[in-house]
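Participant: following is a predicted model, sequence given first.
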Amino acid sequence: MSTAIKIFQGRFGRVALLDMDSSLVAHAHHHCHILIKAGGADSAFLVRGERQPLTSETAVLVNAWEPHAYTHAGPPGEQTLILALYIEPSWLSEIQRSLTLSSHPRFFPQSCVQIRSETRKFVEEFVIGERYVPVMLIAIGKATQEGHPTTRLTVDEVTSWN
């Protein structure tokens, strides 16, 4: 069974923390898909008909409309936590024109990649334990020099409120 523990949604698409303990049927959607193991047992996805491992060292990349299926590698009941990024191709093309190709079926040239230690650290920080309640992140300190201009989008530009 697949259970969504956390979901963040906005114009960018959505980010979901999924608790998986059984396989899922093949499916496809219009999002680019980045899948990172956040905890639990190693598992895999079938992408382009080939088994792609999902481990602490790898991420699985799925192109828009590319059929893929989750294959639970652990024993029944053993869980895998997956951080799933469903990225909206139209949002990517708004941010940077060269990313217009993100809806192309070969945007990601390979389906499995090694992840860097920085990415692993981000995932570990993002997936905080269930006994903690995320309230607010506050940067504390005083700037030593004037900040540089940024191209960051405001919360209202990337989030839809229900």
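Facilitator: Thanks, I have it. Treat the numbers as computed from the prediction; the structure is a model and nothing was measured.
Participant: how about the strands in this protein?
Facilitator: Using DSSP state E, the strands found in the chain span residues 2-10, 13-20, 32-40, 43-47, 50-54, 58-62, 68-71, 80-87, 112-114.
Participant: contacting residues for the closest residue to Val47 other than its chain neighbours?
Facilitator: Leaving out its chain neighbours, the residue that sits closest to Val47 by CB to CB, 6 or more residues apart in numbering is Ser111, at 4.1 Å. To be clear about C-beta, it is placed using only N, CA and C from the backbone, and glycine gets the same treatment. For Ser111, the contacting residues are Phe45, Val47, Arg48, Glu50, Gln52, Val60, Leu61, Val62, by CB atoms under 8 Å, 6 or more residues apart in numbering.
Participant: who wins for neighbours among the residues you listed?
Facilitator: Of the contacts of Ser111, Val60 is surrounded by the most neighbours, 26 neighbours in total, counting by other CB atoms under 10 Å.
Participant: for it, report the pLDDT, please.
Facilitator: Here, the pLDDT recorded for Val60 equals 95.
Participant: same check on the one 10 residues further on?
Facilitator: Model confidence at Tyr70, expressed as pLDDT, equals 93.
Participant: give me the nearest residue to it, chain neighbours excluded.
Facilitator: Using CB to CB, 6+ apart, the closest residue to Tyr70 is Leu24 (4.1 Å).
Participant: just checking, the one you found touches Leu35?
Facilitator: No - at 11.6 Å, Leu24 does not count as touching Leu35 under the criterion of CB atoms under 8 Å.
Participant: could you dump the contacts of Ser111 to JSON lines with distance to Asp19?
Facilitator: Listed next are the contacts of Ser111 as JSON lines, based on distance: CB to CB, whole Å:
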{"residue": "Phe45", "distance to Asp19": "16"}
{"residue": "Val47", "distance to Asp19": "21"}
{"residue": "Arg48", "distance to Asp19": "26"}
{"residue": "Glu50", "distance to Asp19": "25"}
{"residue": "Gln52", "distance to Asp19": "20"}
{"residue": "Val60", "distance to Asp19": "17"}
{"residue": "Leu61", "distance to Asp19": "21"}
{"residue": "Val62", "distance to Asp19": "19"}
